[in-house]
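Enquirer: Provided below for reference: sequence and predicted model.
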Amino acid sequence: MKKSKFIESQIIKILSFQESGQSVSDICREHGISQGTFYSWKSKYSGMEASQLKQMKDMERELAQYKKIVAEQALQITVLKDVIEKKL
């Protein structure tokens, strides 16, 4: 997937332009993005501030760590079950 040329704080700033009264087409033209991109950003980041965004990123990072731990434990359980079946 292609990486965005905008960082999250820039995206939040771009979205705030609409809240201040600018039209979506003007914002998109000014920043070189499509309206589809604008609305997908709006659905993801609408109403967020920079501090909330940082907190969300920290939570996503923590969730990724937990998922990794669960995957490793599932692998260990599978290996142990295979070893037990071979002994019997």
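Expert: Received, thanks.

Enquirer: Please count neighbours and contacts with C-alpha atoms only from this point.
Expert: Fine.

Enquirer: Can you point out the helix or strand that includes Lys68?
Expert: helix 50-87 (DSSP states H and E).

Enquirer: Just checking the distance from that helix to the centre of its chain.
Expert: 18 Å (Cα atoms, centre = their mean, to the nearest Å).

Enquirer: gap between stretch 39-57 and the chain center?
Expert: On Cα atoms, centre = their mean, the centre of stretch 39-57 falls 9 Å from the chain's centre.

Enquirer: which residues touch it?
Expert: If you take Cα atoms under 8 Å, 6 or more residues apart in numbering as the criterion, stretch 39-57 is touched by 8-9, 11-12, 15.

Enquirer: Tell me the helix or strand right after the lowest-mean-pLDDT helix or strand in the chain.
Expert: Using mean pLDDT, DSSP states H and E, the weakest-scoring helix or strand in the chain turns out to be helix 8-19, at a mean of 87. The helix or strand immediately downstream of helix 8-19 is helix 24-31, counting by DSSP H and E.

Enquirer: report the angle between the axes of the helix or strand following that following helix and helix 50-87?
Expert: Once helix 24-31 ends, the next helix or strand along the chain (criterion: DSSP H and E) is helix 35-45. With axes from the mean of the first three to the mean of the last three Cα atoms, to 10 degrees defining the directions, helix 35-45 sits at 80 degrees from helix 50-87.
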